[in-house]
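Student: Sequence and predicted model, in that order:
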Amino acid sequence: MNSPIEFNRQRYSKLEEIRARGIDPYPVRYDVSHPAQSILDQAEDLVESAERVSVAGRITSKRGHGKSGFAHLLDRTGRIQIYVRLDRIGSDVYEIFDELIEVGDYLGVKGAVFTTRTGETTVMVDEMELLSKSLRALPEKWHGLRDIETRYRQRYVDLVINPDVKEVFLKRSRLIRSVQRFMDGEGFVEVETPILQPLYGGALARPFKTHHQALDMPLFMRIADELYLKRLIVGGMERVYEIGHDFRNEGIDRTHNPEFTMLEFYIAYVDYRFIMDLVERLFTSVFQDVNGTLNHTYQGRSIDMTPPWPRISMLDAIREYGDVDVTRMPTAELAAVCGERGLDVDPELGRGKMIDGLFEYFVQDRLLNPTFITDYPVEISPLAKRHPDNPELTERFELFICGSEFANAFSELNDPMDQRRRFEEQVEMQRKGDGEAHAMDEDFLRAMEYGMPPTGGCGIGIDRLAMLITDSANIKDVLLFPHMRKESFDGDPGGLDGPDSPGGTGAEMENGSGEADSPDSPDGTGAELENGSGEADGLSDRASGI
RNA sequence: GGGCGCGUAGCUCAGUUGGCAGAGCAACAGACUUUUAAUCUGUGGGUCGAAGGUUCGAUUCCUUCCGCGCUCACCA
């Protein structure tokens, strides 16, 4: 796409005409007395009192009728119609409204409120001010913006055109506020822990890697909050939680974005049973708060969120849904059962992976209403405490709704010697080439050695929850700016490369942008963050300008 | 990464069994002082995602590439 000047000469020439008439097309402020919706709400009183209101918004439609015209202004609260008449506002201003103001522009108007012949509450404009001139045409009003790619790439247009999109993100905001209120009520402290970490951990995933210039050291974007939040438990912050972005350098699909929002919380002195109770209360509280009901529909499927939710151990679930009892089944027989079901699970990876595979095969998709699956095999739960009744299992649960996982929780492992052994096993896996294995974290072990109380912990994917609660099929629909591949701009192929383009300006070199960055990363893998960007310089330029 | 599908005007979409590129809305010019998908008359607007190939001729057929969606594998 070209610049708006090349692309829309008609709009640009109107901008020039506005300037030629001595009007500032981009003034600094406008005093609003009534947001659009409040005019509609108080229409009767406002009509009766003949009170003059002022309202501002973006023009979303415009209909001229010779010497008068209607338009709709859209603000954050809603849409209000305005009526402009030549005999009220004067020929000079009317000419500007008629010829130079168009759909997409921001307008501020003052005037009395009346009701039209067809019954719509409308502002009779007696004063008008252009607040911002738009140089690009918005999508047409009737069909709107449907192209999925454009909606994600140009969310600002999507939000203007599609009111239900705005509603999704308002709901997401209410969801997060509701979670925070609930956690407040439970005596939690909300904390912020590092996103840039010298070591990454707390989950098994491939990280993004970057580099700190001044310290000349590699840093990783966090893949989980877990190890830092547990350090806070050691420090005596007995109920902590964090809502923040984690970053995982893995595939993108309907339910995965490279950065996503995670709620993690940890509570001292409790086990996973307590966490189950709390998760049940958290979800039902949030659903009541945001949707006003525990009966929900997701993608056409009815879900009953009413507690209590069933709690079934993983082995019982496999027995119940698959009619297979794997409890004391010899490993060879287990492998045969997996083979019969066409499950490609390597027996060398242990019983845990095979049992998990059978669970996914027989059970997971059939868990429509909220269900806790408990007591996972120890091999696939490296951070969870062993179950006292069965050392092959752990005190771990996951919550499933509509066949998807919504929470993952344990009675946390707090034995420093056991934790060290598990790290050593991970290091061994790493040595064998497992790119997702856990690194040895000596500082975390030191914290464990000072002593961590018995602790229950939990992680909940907030984007998944937002998808469920807004009935969205794709994670991109609940992310304001989902990750997309680089867009190419005609006539400016490096448009998005600005910050790291080799021909940087002198200013860009101040932070040492060009050479020596991320020496171990081939360009274009997407695995590495660039540093010393021009954008950072832009910020410092702005700061010095002030 | 594999498989399937899609990419035509600012937007929503037709279309070409290979032969001058279409509509509605938006825009522009004109009429119209309570319309609301305003109406009426007229006009302009396209590298048919990009690059190659086949052909007298390619938006159409073939190849490669780019982007998006669905799906499988991995993950939350």
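Tutor: On my side now, so go ahead.
Student: Please make it C-alpha for all contacts and neighbour counts, starting now.
Tutor: Fine.
Student: So what pairs up with A:Tyr298 in the strands?
Tutor: In this structure, A:Tyr298 has the following beta-bridge partners (DSSP bridges): A:Arg301.
Student: and it, how many neighbours?
Tutor: Neighbouring residues of A:Tyr298 were enumerated by other C-alpha atoms under 10 Å; the total is 17.
Student: Ok, the one 5 residues further on next?
Tutor: Neighbourhood size, A:Ile303 [other C-alpha under 10 Å]: 16.
Student: residues contacting it?
Tutor: By C-alpha atoms under 8 Å, 6 or more residues apart in numbering, A:Ile303 lies in contact with A:295-297, A:368-369, A:402.
Student: Shouldn't it be within a helix?
Tutor: No - counting by DSSP: H, G, I helix; E, B strand; the rest coil, A:Ile303 is located in no helix; its state is strand.
Student: From A:Lys385, how far out is it?
Tutor: A:Ile303 sits at a distance of 32 Å from A:Lys385 (criterion: C-alpha to C-alpha, to the nearest Å).
Student: quick one, helices of the stretch 51-200 of chain A?
Tutor: Using DSSP state H, counting those that start in this stretch, the helices of the stretch 51-200 of chain A run over residues A:86-89, A:91-99, A:148-153, A:155-161, A:163-185.
Student: does RNA strand B sit close to the shortest one?
Tutor: This means helix A:86-89. Yes - if you take C-alpha under 7 Å from any atom of the strand as the test, helix A:86-89 does meet RNA strand B, through A:86-87.
Student: now for that helix, which elements pack on it?
Tutor: strand A:121-132 (3 or more C-alpha pairs under 8 Å, 6 or more residues apart in numbering; DSSP states H and E).
Student: Mind doing that once more with 10 Å?
Tutor: The criterion is 3 or more C-alpha pairs under 10 Å, 6 or more residues apart in numbering; DSSP states H and E, and the helices and strands that helix A:86-89 contacts are strand A:68-75, helix A:91-99, strand A:121-132.
Student: RNA strand B is nearest to which of those?
Tutor: Set against RNA strand B and scored by C-alpha to the nearest atom of the strand, those come closest in strand A:68-75, at 4.4 Å.
Student: and that closest one, which strands flank it?
Tutor: Strand partners for strand A:68-75, identified by DSSP bridges, are recorded as strand A:52-64 (antiparallel), strand A:78-85 (antiparallel).
Student: How about residues contacting that strand?
Tutor: With C-alpha atoms under 10 Å, 6 or more residues apart in numbering as the contact definition, strand A:68-75 has outside contacts at A:35-37, A:55-64, A:78-89, A:94, A:97-98, A:102-109, A:122-124, A:160.
Student: List buried members of the contacts of A:Ile303 by neighbour count.
Tutor: Buried members of these, scored by 16 or more other C-alpha atoms under 10 Å, are A:296, A:368-369, A:402.
Student: sorry, back to before: can I get the strands paired with strand A:68-75 in JSON lines including mean pLDDT, mean neighbour count and distance to A:Phe169?
Tutor: What follows is these, written out as JSON lines (pLDDT from 0 to 100; neighbours: other C-alpha atoms under 10 Å; distance: least, C-alpha to C-alpha, whole Å):
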{"stretch": "strand A:52-64", "mean pLDDT": "96", "mean neighbour count": "20", "distance to A:Phe169": "20"}
{"stretch": "strand A:78-85", "mean pLDDT": "96", "mean neighbour count": "22", "distance to A:Phe169": "16"}
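Student: Using TSV, please lay out the ones you listed together with distance to A:Gly185.
Tutor: Written out in TSV, the entries for the strands paired with strand A:68-75 read as follows (distance: least, C-alpha to C-alpha, whole Å):
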stretch	distance to A:Gly185
strand A:52-64	38
strand A:78-85	33
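Student: Any idea which of those strands gets closest to A:Asp325?
Tutor: Ranking these by their distance to A:Asp325 (criterion: C-alpha to C-alpha) puts strand A:78-85 first, at 58.6 Å.
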